[in-house]
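**Student:** Please work out how this folds:
(2 chains, ligands or ions: 1)
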Amino acid sequence: MTATPKTLFDKLWDAHVVVPESEAAPAVLYIDLHLIHEVTSPQAFAELRARGLAPRRPERTKATLDHSTPTLPADAHGRQPYSTPAAQAQVQRLIDNCRATGIELFGFDSEQRGIVHVFAPEMGFTQPGMTIVCGDSHTSTHGAFGALAFGIGTSEVGHVLATQCLLQRRPKTMAVTVEGELAPGVGAKDVILHVIGAIGVNGGTGHVIEYRGSTIRAMDMEQRMTLCNMSIEAGARAGMVAPDEVTFAWLEKAPRAPKGEAFEAAKARWRELRSDAGARFDAEVTIDARDIRPTLTWGTHPGTAIAVDRAVPAAHDEADRKGQRYMGVEPGRPLAGMPVDVVFVGSCTNGRLRDLREVAQVLAGRRVAQGVRMLVVPGSGQVKREAEAEGIDAIVRAAGAEWREPGCSMCIAMNGDLVAPGQLAVSTSNRNFEGRQGPGARTVLASPLSAAWAAVRGVVADPREALRPASPTPEPQREVA
Amino acid sequence: MSALHSPDSVASAADAARVRIRSRSVVLDQPNIDTDQIIPARFLSTTERSGLGQHAFSDWRRRADGSPDPDFPFNRPENAGRTILIAGRNFGCGSSREHAPWALRDLGLRAVISSEIADIFRNNALKNGLLPVVLPESAVRALMARPDDELEIDIATRELRTPDHGVFRFPLDAFARTCLLEGVDELGYLLSRQDRIQLYEERFHAR
Ligand code: SF4
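**Tutor:** Predicted coordinates for the structure are as follows:
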């Protein structure tokens, strides 16, 4: 008797069903790890209090502060420079809620505090085979470890706190297979922007994506996280990569992952977590890595991705025209050459050590062009420490860019770090929606390499130029005063 | 009719109001309206659920100089009090913020019609009494063309009716429908399964 081949998703789903799904009701799904931050949790704690409920398994919830937190250092008395009293009150509310319920908080006194999707994998809280949720759509990041990880709303944050479970209908599955070697100057961010451009901002709606193929296998964990992070930008519920030796090597170093014999036992279980040969997906997409070039967005949603050397396409509809007007781009003209006001490096998409190394590689011995403001924001305390140990902060500062404390910063512009109305930002974050980086701000999504090169050139530019030592391209025309 | 809950079984007027939504519509004819547009991030510093309606579509409601844009649908006097929104495809994409349905409910909306509604938004909407109505693009176009028609959305029969006797069936998860009709809340339902949760924890997570 041979069992029906299962996808990685099927295995994770089946292992977490507490009560099976029926026509009348969704499945009750067990959640192994729950992550919370200050923005989407206060109303959930209030709901629990109103009903006289306490968290069922407080040890399965981990909290951090990231969205409303300042990225400038605290003053001599340890006071944080909050942008508004509301931001401060929101942070304080999470501190109070964690204290009252016994939930472990990685706050300002923790060296590990950081963006929720950066710090949890570093700590080893994120592990293969887990179900992981957070009141945050980029929870899909954790799927890079072979976990089923997805974003939920605040009501559901309350459900998980109270019952450690969620009501869920089984989603559909999609395989995105990427084969071949990536060209120099092309990274995980370009791959995912290319994928979203290919399947569209709603191409993944209702699906959990599994990324497969030789290109994905060759990626390190940081790249896989970048990839899975933006699954939601294609509308997908989650993105995942089957765990392998690369995954295990990361976890072996993570402080809160299993240790010793427990680690070996876990590893044996984790090895089973892959789609069986012949497993069926509801949808399949195949992409040739050699077709992928440095990729940027021209419009106001991530589906407007194009290769850097291509022209902005003609508008299909009124929405495209509105996006082009908002961005100030013209169909038929390339993005390259557009003057840049702000460059932001950071976020849960590209705020990890590898990303900062790529940026430092470009900035070393160069200067940020005059008139460009560049902000480099490490994704976590750990990223910041490791980057500083390598001298990346010194390179960033010497180039004329700002080196900040960890947090979400200009990705969501809730903490006072924002792009002024009408300014053009090249950003390593994940959303180019109207006003995402501040009212009226215009965002071009890009890889860390593209962002750093745009900062040096002062215009949107092809990052492959930065990799050619004897480039015929003139070095920064605009000198820093 | 084969509906599990026929409208006749509904006793009070309050219950009837829960079953049927009657209104003219407000039209936002644009695809991919993301939750950052519905409620921009700078209004998320709140620790409350209420009061977000005044900030809904904040950046679209005002002109560059800060004055209200009289052409924006939610600023037009004839649209005051309307409880149905018709929007372009892929409504509610992007951030998982439940502040988006909170803001729309606070504006007085009770239903959103689109040819596609993003997953997390749809889930969040249902938990807040905002009905997601997904219809074929052609039907959405037809409804958008006649915003002054009084539509009737019947949750019990999963039908949307137009004044000229047009009837559109829309999909609605059986559980979501029961919750809306009977006022069942999901947390209460989950709490009622605690014995099963306990069993699961003992069996699979004895660690
Ligand atoms: S970095 Fe941006 S996308 Fe990531 S969690 Fe923070 S705000 Fe959300």
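
**Student:** longest helix anywhere in the chain?
**Tutor:** Looking at chain A here, since you left the chain open. Using DSSP state H, we find that the single longest helix of chain A is helix A:85-101.

**Student:** my bad, chain B
**Tutor:** helix B:194-204.

**Student:** which helices and strands sit right next to that one?
**Tutor:** Packed against helix B:194-204, as judged by 3 or more CB pairs under 8 Å, 6 or more residues apart in numbering or on different chains; DSSP states H and E, are the following elements: strand A:17-19, strand A:27-30. Yep, even glycine has a C-beta here, placed from its N, CA and C like the rest.

**Student:** Just name the most buried of those.
**Tutor:** strand A:27-30 (a mean of 21; mean count of other CB atoms under 10 Å in any protein chain shown).

**Student:** Touching it from outside, list them.
**Tutor:** With contact meaning CB atoms under 8 Å, 6 or more residues apart in numbering or on different chains, strand A:27-30 is reached by A:13, A:16-21, A:131, A:164-170, B:190, B:193, B:196-197, B:200-201, B:204-205.

**Student:** Can I have the buried ones of the residues you listed as a PyMOL selection?
**Tutor:** The buried subset of the contacts of strand A:27-30, as determined by 16 or more other CB atoms under 10 Å in any protein chain shown, is captured in PyMOL by this line:
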select buried, (chain A and resi 13+16+18+19+21+131+164+165+166+167+168+170) or (chain B and resi 190+193+197+200+201)
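
**Student:** Give me the secondary structure label for the residue nearest in space to the middle of chain A.
**Tutor:** By CA atoms, centre = their mean, chain A has its centre lying nearest to A:T349, at 2.9 Å. Look at A:T349: counting by DSSP: H, G, I helix; E, B strand; the rest coil, its state is helix.

**Student:** likewise the one 5 residues further on?
**Tutor:** The assignment at A:R354 comes out as helix when based on three-state DSSP.

**Student:** same question for stretch A:372-382, mean pLDDT?
**Tutor:** Average pLDDT, stretch A:372-382: 98.

**Student:** Give me the helices and strands touching the helix or strand harbouring A:L375, please.
**Tutor:** Per DSSP states H and E: A:L375 is located in strand A:373-376. Counting contacts by 3+ CB pairs under 8 Å, 6+ apart, strand A:373-376 packs against strand A:342-345, strand A:402-403.

**Student:** C-terminal to it, what's the next element?
**Tutor:** Next element after strand A:373-376 (DSSP H and E): helix A:381-389.

**Student:** wait, does that next one contact the ligand?
**Tutor:** No - under the criterion of CB under 6 Å from any ligand atom, helix A:381-389 makes no contact with the ligand; the nearest approach is 12.4 Å.

**Student:** same deal with stretch A:178-195?
**Tutor:** No - judged by CB under 6 Å from any ligand atom, stretch A:178-195 makes no contact with the ligand; its nearest approach is 13.5 Å.

**Student:** Start and end of that stretch, how far apart?
**Tutor:** End-to-end distance of stretch A:178-195 (CA to CA, to the nearest Å): 9 Å.

**Student:** In the chain, where is pLDDT below threshold?
**Tutor:** Going with chain A. A:1-2, A:469-481 (pLDDT under 70).

**Student:** actually chain B
**Tutor:** Within chain B, the segments meeting pLDDT under 70 span B:1-17, B:205-207.

**Student:** Tell me the residue of it that sits nearest the ligand?
**Tutor:** Per CB to the nearest ligand atom, B:S95 is where chain B lies closest to the ligand, at 7.4 Å.

**Student:** Using the three-state scheme, assign whatever residue of the stretch 301-450 of chain A ends up closest to chain B.
**Tutor:** Residue nearest to chain B within the stretch 301-450 of chain A: A:F433 (4.3 Å; CB to the nearest CB). Using three-state DSSP, the structure places A:F433 in coil.

**Student:** For the closest residue to it other than its chain neighbours, pull up the helix or strand it's in.
**Tutor:** Distance criterion CB to CB, 6 or more residues apart in numbering or on different chains; nearest residue to A:F433, sequence neighbours excluded, is B:D36 at 4.3 Å. Using DSSP H and E, B:D36 maps to helix B:35-38.

**Student:** Check whether that helix comes into contact with the ligand.
**Tutor:** No - counting by CB under 6 Å from any ligand atom, the ligand is not contacted by helix B:35-38; separation bottoms out at 10.6 Å.

**Student:** contacting residues around the closest residue to A:T300 other than its chain neighbours?
**Tutor:** Closest residue in space to A:T300, ignoring its immediate chain neighbours: A:G323 at 4.3 Å, by CB to CB, 6+ apart. By CB under 8 Å, 6+ apart, A:G323 lies in contact with A:298-301, A:304, A:315.

**Student:** Can you pull the phi/psi pair for A:G323?
**Tutor:** Phi and psi for A:G323, reported as degrees, to the nearest 10, are phi -60, psi -40.

**Student:** quick one: A:T173 is in a strand?
**Tutor:** Yes - counting by three-state DSSP, A:T173 is part of a strand.

**Student:** Which helix or strand contains A:L227?
**Tutor:** Using DSSP H and E, A:L227 falls in helix A:221-229.

**Student:** So is that helix next to the ligand?
**Tutor:** No - Helix A:221-229 stays clear of the ligand (CB under 6 Å from any ligand atom), getting no nearer than 7.6 Å.

**Student:** contacting residues around that helix?
**Tutor:** A:117, A:121, A:138, A:140-145, A:149, A:187-189, A:191-192, A:211, A:216, A:219, A:238-241, A:246-247, A:250, A:348-350, A:352-355, A:430.

**Student:** That one: what's the following helix or strand?
**Tutor:** strand A:238-240.

**Student:** What residues of the helix or strand following that following strand count as buried?
**Tutor:** Sequence order places helix A:245-253 as the next helix or strand after strand A:238-240, per DSSP H and E. Of all the residues in helix A:245-253, those buried under the rule 16+ other CB under 10 Å are A:246-248, A:250-251.

**Student:** circling back: who touches the residue nearest to the centre of chain A in this structure?
**Tutor:** Counted by CB under 8 Å, 6+ apart, A:T349 has contacts A:138, A:189, A:226, A:229-230, A:411, A:428-430.

**Student:** at 7 Å instead, please
**Tutor:** A:T349 sits next to A:189, A:226, A:229-230, A:428-430 when contact means CB atoms under 7 Å, 6 or more residues apart in numbering or on different chains.

**Student:** I'm done for today, thanks for sticking with me.
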